[in-house]
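1. Here's my sequence, what's the structure:
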Amino acid sequence: MARKRGFSGVLGYEFENGGHLKLSPSWYQEDLERNFDEFTPGIGYVDQVKSEVITRQNTSINYTGAINEDIFLTTYYINERVTEETKQTVVSSNNVNNPRFGELNSHKAEAQIDFALGSNHVITTGIVGYQADLVQTKNGVSELKPENPSRTNYEYYIQDDFFVTDSLELLPGIRAQTDSDFGSHFSPKLNAMYRPDSLSQYNVRVRGGVGAGYRVPTLKERYYEFDHSSLGYMVLGNPDLQPESSVSYQLGIDAQFTELVWGELSLYRNDIKDLIAEDLNADKSTPDLQIYEYMNMARALTQGFDASVRLSEVSGWSGNVGYSFLHAEDKDTGKILVRRPKHQLKFSVNYLIAAINTNLTLLGRAESESYADSANTLVSPSNSIFDFKINSQITDQIKLFAGVDNLTNTVRDTPSTGNDFRPTEGRYIYAGATYTY
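-> Numbering: from 1, shown residues only. Here you go, the predicted structure:
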């Protein structure tokens, strides 16, 4: 059984200079329960309830606006607190066993400025700060080593949008970061865009780029025990994780075939070293509980393409459709990477009823099967999900909305949840209203 509840809000203010300040608080909670029995010597099978409560609190504040005629500022601060409480309760006596509590508290802030330099350069530069700490206890005793791990990270980036000619645009950049646990690293990149004059009637743009990527493991990936045993699986952190690095290549083209139809095609390849990934630990798993752990994969490759077509509004109708192909491989074993479906299809169809200012939208997404373990022996089924939404603008200030998520009630098979990546929740019906002033 699962219960979800939450709320979110937005409070904004516009300054005389056109700057916008926005405060966005949100709160979400999910309760999960699973009944099971456990054999106790001398007593027999004892009925118990495994319960889990996940709470997420998020507060963000951001400002965007011009500092003067030449400089534009974008800045934000986000605080997020996520807690997870799990316990097992004996039905007959109401005794609580193995209570576990976890909390991840994080702070992130960024300030970015954009300004013109001469007649053909636009400079973007900024700084990012991040701090997080983690607590996890079982029966009131810390499960973590170190007991209360924390991490800080600072990044600085700069890029130059260089308009070489009316047709050619270059975008070199570099990002530097220093991490309290993993030291310093530099990641350069170079992107380009070309607009052929001979194809200007189709608004053709050709894009390409190469860049270095770098990601340090999070505190959750290194230390946390994500206890989702009420759904049949757990994910364990790995304190020995190392940062992953990559070299990425992209090549793409987009064009306007007619006044109403746009198309886009993008090809990519990522060569990754020490990929951070989840993998099934068969030795620790049981028939009733799948155990996943984070690990570094020495060499990995992901490559493929994304293709999409977009239709602008015609007699109230509009929509888009996109297809993605992915080949994701462990280069040392030749096996397919975990949770990387080869085929994905997404679409949306929208109809505007102009007389009552109401939009009807149907969204769909489908993906092929994927593997749940690095040995490619466990398969998560292919699936498709459909959502339906209604939005009606009653006045300039009032909007009504309603919808049904997961129309076909597609859900995972609970006994094999650990290797079934379909949704945990079925059909969800909602309605509401927003007021803007």
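
2. In the stretch 151-300 of the chain, where is pLDDT below threshold?
-> Low-confidence segments of the stretch 151-300 of the chain (pLDDT under 70): 229-231.

3. Show me the strands in it, by range?
-> Ranges of strands in the stretch 151-300 of the chain, per DSSP state E, counting those that start in this stretch, are 168-179, 183-194, 205-215, 225-228, 233-236, 244-256, 261-280, 290-314.

4. Turn those strands into a markdown table, including mean neighbour count.
-> The C-beta positions use only the backbone N, C-alpha and C, and glycine is treated the same way. Converted to a markdown table, the strands of the stretch 151-300 of the chain look like this (neighbours: other CB atoms under 10 Å):
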| stretch | mean neighbour count |
| --- | --- |
| strand 168-179 | 16 |
| strand 183-194 | 14 |
| strand 205-215 | 16 |
| strand 225-228 | 19 |
| strand 233-236 | 19 |
| strand 244-256 | 16 |
| strand 261-280 | 18 |
| strand 290-314 | 17 |
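
5. could I get those as JSON lines with distance to residue 105?
-> Putting the strands of the stretch 151-300 of the chain into JSON lines (distance: least, CB to CB, whole Å) gives the following:
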{"stretch": "strand 168-179", "distance to residue 105": "18"}
{"stretch": "strand 183-194", "distance to residue 105": "24"}
{"stretch": "strand 205-215", "distance to residue 105": "21"}
{"stretch": "strand 225-228", "distance to residue 105": "16"}
{"stretch": "strand 233-236", "distance to residue 105": "20"}
{"stretch": "strand 244-256", "distance to residue 105": "24"}
{"stretch": "strand 261-280", "distance to residue 105": "22"}
{"stretch": "strand 290-314", "distance to residue 105": "20"}
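
6. who wins for proximity to residue 35 among the ones you listed?
-> Evaluated with CB to CB, those place strand 225-228 nearest to residue 35, the distance being 15.9 Å.

7. Within its sheet, name the partner strands of the closest one and how each one runs.
-> strand 233-236 (antiparallel) (DSSP bridges).

8. thinking again about what came up before, quick one, which of the strands of the stretch 151-300 of the chain is nearest to residue 364?
-> Comparing the strands of the stretch 151-300 of the chain by CB to CB, strand 290-314 comes nearest, at 13.9 Å.

9. And for the helix or strand following that closest one, what's in contact with it?
-> Later in the chain than strand 290-314, the nearest helix or strand by DSSP states H and E is strand 317-330. The contact list for strand 317-330, computed with CB atoms under 8 Å, 6 or more residues apart in numbering, reads 297, 299-312, 335-337, 340-352, 374.

10. Okay, buried residues for strand 317-330 please.
-> Going by neighbour count (16 or more other CB atoms under 10 Å), the buried part of strand 317-330 is 318-320, 322, 324, 326, 328-330.

11. Using CSV, write down the CA coordinates of it.
-> Extracted in CSV, the C-alpha atoms of strand 317-330 (Å, rounded to 0.1, in the frame of the first residue of the first chain):
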residue,chain,number,x,y,z
TRP,A,317,-3.9,20.6,-33.2
SER,A,318,-0.2,20.4,-32.4
GLY,A,319,2.3,17.8,-31.2
ASN,A,320,5.7,16.2,-31.4
VAL,A,321,7.2,12.8,-31.6
GLY,A,322,10.8,11.7,-30.7
TYR,A,323,12.8,8.5,-31.0
SER,A,324,16.0,7.6,-29.3
PHE,A,325,18.5,4.8,-30.0
LEU,A,326,21.1,3.9,-27.4
HIS,A,327,24.0,1.4,-27.3
ALA,A,328,25.5,1.3,-23.8
GLU,A,329,28.3,-1.1,-23.3
ASP,A,330,30.9,-2.2,-20.7
